[in-house]
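**Q** Sequence below, structure please.
(2 chains)
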Amino acid sequence: MKSRFHSLLSAQTHRPQVLHSLHQRPISANKPKWNSKTNVIITNPTLLIMESCTNMLQLKQIQAQMTCTGLIHHTFPVSRVLAFCAIADGGDIHYANLIFTRIEKPNTYMWNTMIRGYSKAQVNTTGFSFFGRMVRERVEMDCRSFVFALKACGLLGDSVHCVIWKMGFGSDLLVRNGLVHYYAEAGSVSHARKVFDESPVRDVVTWTTMIDGYAGCGYSNEAVELFDEMLFSDVEPNEVTMIAVLSACSNKGDIGMGKSIHEYVRKKNVNCSLNLLNALLDMYVKCGCLTAAKEVFDDMKVRDVFTWTSMVNGYAKCGELDAARQFFNDMPDRNVVSWNAMIAGYAQNNQPTEAVKLFHDMVESGFAPIENSLVCVLSACGQLSCLDLGRWIHQYYVHGNHIQLGVILGNALIDMYAKCGCLTSATELFNEMPEKNLVSWNTMIAGYAAHGHAKQALSLFNQMKSTDTKPDNITFVAVLSACSHGGLVSEGREHFKSMIRDYGIEPKEENYACMIDLLGRIGLLEEAYELINKMPMEPSASAWGALLNSCKIHGNVELAKLSAEKLLDLDPEDSGIYVSLANLCAIKQRWVDVRNVRSLMKERGVQKNPGHSLIEVQGQFHEFFAADKSHPQSEEVYRVLNEMYMFSKSELYLQKQFDELLCI
DNA sequence: ATAGGGTTAG
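**A** So this is what the prediction gives:
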């Protein structure tokens, strides 16, 4: 059958180049090529050349040749041209569309190719519109039409499902596999499972799709269970199945299952593709087994950007930043995910300066940041009080419409503004957010709490109660710390009680630490000490630290000693504990105790890093160490500091008088 | 005649 072209496109203009350019690269054009998958032998020399075509320039030359010889008017050859433009890596879907519109009566294959091509170009809606036209214009469809349609349909899978039944493709294996994938991808695991269960025949793709669907939706246990079931079925898992089940192990951190999969791969001689080895490596990384991950890495003959990024991430997550950086530096190729892994490593391990530096390097290297990059660097900005950069990111990327303001990015911005002391900007953003989640509320409440705005924090918590968002124990950390900083003891007690009573949230260690801080800060040291002893779990550094801090405020040396001892059991290297205790003893003029603490410190070789602070003024950082007078404006700085100190003292004095008046 | 369903890193 012939298809008729209405125009020859730009064919002739390219003609003189054809032979010249194609002769530059010797292509085995005269040997018939057998495609083992389809059992098809291509003998036409022009079509053979197309098998080696890599870009549109070459394609157009071939097309010109075909136009001259008339080959282009045949269904099969024009299909090959269309398929190259629509699907090949060097293709051009718009050019494919141009060709398509000039074909008088495209066949099913050509229609399918258009859906698939637009999908590949990530223009799903256009791709799906071709499917819509097929339905309306009653074009004959085959199972592939539905497979491609399901990939392009967005949220309209149910409608496609209806058409599938109507056209009688409901029991086709390929279509069913496509449906399982569609529903799992859309997050409807139960629908996916229904299609899976009702399938009369299942092949390895059906099983793998379902297992991967479970893993992708966070149902790791179900994924592993289904894999177990598969082992009893008559379908043999393959390397892709292994990848799916390994990703479930990674999510669960299930090293036992992960190792047994590794064993299975070795025993059954499963084809160890690069993807499978990457999945194995990442499983070990996610389970915290860096030595095993390194072993896989070392044994790999071929590595790609996934391999290297997993290693960077593994070491970064463990806080081994130098090792992570080494891998990062040694990577032959990086992409935005690799940069993010390293930046996140710095931001989450107390090295915000390095995170910001690397962010700048990344942008300078020509990588456009994505939402996750900004989230990481904003966290670093918060740690550094780097308001200028934080604001710039907000302005440039978000207001400049380079990156959409999603809820996670919004939360990161709120946190950055709050940490930088800019509560008005934080509040403004919070109020404007079209979609808030639990983290948004927690961040904002914690922001108010950290700056002593207890009333606002509690009123926001009240507001939260009237929404669908249920508080968690982090919400209560924020609420309790608001009470603590506002001296609101009875409110704090009430909230602590209501955690279990009203919300069914079992208080965690950090909630107890907040209560201890709340009681201790106001001077109820006995009660705080009682609570720490009553805790159902082992008190951590935050609980004892809160108590020590309270002892410092209220001058209780004995209890401070006890708290410090507990703290030093947990971390003998923390110089802050020694210093706190020694200072308190000095204030109380207990010089023997002071000497004891100092000599203990010396004995243990604890290095005291001098206290320092950092502030950014108009893009420039100023760092101050304790008793440091090297700053050019040192005199003025200390004068203002002294004023502030005097002011706060008088405030504190007034507060104390007030409290005594109220008999607290 | 064509191609086609499942895949790993932040």
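
**Q** ok, now which ones touch the residue of chain A most remote from its centre?
**A** Of all residues in chain A, the one whose C-alpha sits farthest from the chain's mean C-alpha position, using CA atoms, centre = their mean, is A:T69 at 53.9 Å. Neighbouring residues of A:T69 by CB atoms under 8 Å, 6 or more residues apart in numbering: A:T46. Backbone N, C-alpha and C define where each C-beta goes, glycine included.

**Q** Would you mind measuring from the nearest residue to A:A149 once chain neighbours are set aside to A:E527?
**A** Excluding the flanking residues, the one nearest A:A149 by CB to CB, 6 or more residues apart in numbering is A:F131, at 4.1 Å. According to CB to CB, to the nearest Å, A:F131 and A:E527 sit 69 Å apart.

**Q** With neighbour numbers in mind, choose between the two.
**A** A:F131 (26 against 17; other CB atoms under 10 Å).

**Q** and that one, helix, strand or coil?
**A** At A:F131 the chain is in helix, as set by DSSP: H, G, I helix; E, B strand; the rest coil.

**Q** show me the contacts for it.
**A** A:I115, A:S145, A:F148, A:A149, A:A152, A:C153, A:V160.

**Q** okay, the residues you listed in TSV with distance to A:H554 next?
**A** Listed next are these as TSV, based on distance: CB to CB, whole Å:
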residue	distance to A:H554
A:I115	73
A:S145	77
A:F148	72
A:A149	71
A:A152	68
A:C153	66
A:V160	69
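
**Q** which residues in chain A form strands?
**A** Assigned by DSSP state E, the strands in chain A fall at A:33-35, A:40-42, A:612-617, A:620-625.

**Q** A:G288 contacts A:C318, doesn't it?
**A** Yes. Between A:G288 and A:C318 there is a contact at 7.3 Å, judged by CB atoms under 8 Å.

**Q** so who does the residue nearest to A:W308 when sequence neighbours are not counted touch?
**A** Nearest non-adjacent residue to A:W308, counting by CB to CB, 6+ apart: A:M331, 4.2 Å away. With contacts taken as CB under 8 Å, 6+ apart, A:M331 has the following neighbours: A:V305, A:W308, A:T309, A:V312, A:S338.

**Q** A:I62 now?
**A** Applying CB under 8 Å, 6+ apart, one finds that A:I62 lies in contact with A:V18, A:T46, A:I49, A:M50, A:C53, A:V81.

**Q** Top of those by number of neighbours, please.
**A** Across the contacts of A:I62, the neighbour count under other CB under 10 Å reaches its highest value at A:M50, namely 24 neighbours.

**Q** Now do the contacts for that one.
**A** A:L59, A:I62, A:R80, A:V81, A:F84.

**Q** which residue packs closest to A:Y396, ignoring adjacent ones?
**A** Excluding its sequence neighbours, the residue lying closest to A:Y396 (CB to CB, 6+ apart) is A:H402, at 7.1 Å.

**Q** wait, doesn't the one you found sit right on A:I393?
**A** No. In this structure A:H402 lies outside contact range of A:I393 using CB under 8 Å: 10.1 Å.

**Q** Show me which of those two is the more surrounded one.
**A** Taking neighbours as other CB under 10 Å, A:H402 and A:I393 compare with A:I393 leading, 24 against 12.

**Q** where does the more buried one sit relative to A:M362, distance-wise?
**A** From A:I393 over to A:M362 the distance is 13 Å, taken as CB to CB.

**Q** count of neighbours near the nearest residue to A:K561 once chain neighbours are set aside?
**A** Distance criterion CB to CB, 6+ apart; nearest residue to A:K561, sequence neighbours excluded, is A:L581 at 6.8 Å. Here the count is done by other CB under 10 Å, and A:L581 has 27 residues near it.

**Q** Repeat that for A:S119.
**A** Neighbouring residues of A:S119 were enumerated by other CB under 10 Å; the total is 23.

**Q** ok now do it, which residues does it touch?
**A** With contacts defined as CB under 8 Å, 6+ apart, the neighbours of A:S119 are A:G127, A:F148, A:K151, A:A152.

**Q** Can you give me the distance of the last one to DNA strand B?
**A** Think A:A152. 11 Å (CB to the nearest atom of the strand, to the nearest Å).

**Q** quick one, what contacts the residue nearest to that residue when sequence neighbours are not counted?
**A** In space, not counting the residues next to it along the chain, A:A152 is nearest to A:G127; the distance is 3.8 Å by CB to CB, 6+ apart. If you count contacts by CB under 8 Å, 6+ apart, A:G127 has them with A:M114, A:I115, A:R116, A:G117, A:Y118, A:S119, A:F148, A:K151, A:A152.
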